[in-house]
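Novice: Just need the structure, nothing else, for what follows:
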Amino acid sequence: MTLVEIIPAVRRLPANDQLRLIRILAEELDSGEGIFPFEHHKTYYLATPYNSFGAAEILANALAV
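Specialist: Next comes the predicted model:
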């Protein structure tokens, strides 16, 4: 069965069954191999443009080329 065949059937389901389906699929993904969820109480650093002086100029120059 393809995704194109499944989507119309899922849309016909009542909202509570759609939510149950989302939970089932999410649990299967969570238990699957190759998925590395975030760990509790661990800090993850995310690069942001704050205090990156000159970043706008570099981006503008890259886009102008």
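
Novice: next one: the longest helix seen in the chain to chain centre, how far?
Specialist: In the chain, taking DSSP state H as the definition, the longest helix is helix 15-31. The chain centroid and the centroid of helix 15-31 are separated by 15 Å, computed with C-alpha atoms, centre = their mean, to the nearest Å.

Novice: what's the following helix or strand after it?
Specialist: Going down the chain from helix 15-31, the next helix or strand is helix 55-64, by DSSP states H and E.

Novice: Give me the contact list for that following helix.
Specialist: Helix 55-64 is contacted from outside by Pro49, using C-beta atoms under 8 Å, 6 or more residues apart in numbering. Quick note: C-beta positions are derived from backbone N, CA and C, even for glycine.

Novice: Repeat the analysis, applying 10 Å as the threshold.
Specialist: 49, 52 (C-beta atoms under 10 Å, 6 or more residues apart in numbering).

Novice: Mean confidence (pLDDT) on it, please.
Specialist: Averaging pLDDT along helix 55-64 gives 88.

Novice: Report how many residues lie close to Leu21.
Specialist: Leu21 has 13 neighbours, counted by other C-beta atoms under 10 Å.

Novice: what's the pLDDT at the residue nearest to it when sequence neighbours are not counted?
Specialist: In space, Leu21 comes closest to Val10 once its chain neighbours are excluded; the distance is 6.6 Å by C-beta to C-beta, 6 or more residues apart in numbering. As predicted, Val10 sits at a pLDDT of 96.

Novice: Now do the phi/psi pair for Val10.
Specialist: phi -70, psi -40 (degrees, to the nearest 10).

Novice: Distance of it relative to Leu3?
Specialist: Using C-beta to C-beta, to the nearest Å, Val10 is found at 10 Å from Leu3.

Novice: so what's Arg23 scoring on pLDDT?
Specialist: At Arg23, pLDDT is 94.

Novice: cool, the one 3 residues further on as well?
Specialist: What the model reports as pLDDT for Ala26 is 88.

Novice: ok, it - how many residues close by?
Specialist: Every residue meeting other C-beta under 10 Å relative to Ala26 is counted, giving 10.

Novice: Surely the residue nearest to Leu21 is in contact with Leu19?
Specialist: No - using C-beta atoms under 10 Å, Val10 makes no contact with Leu19, being 11.3 Å away.
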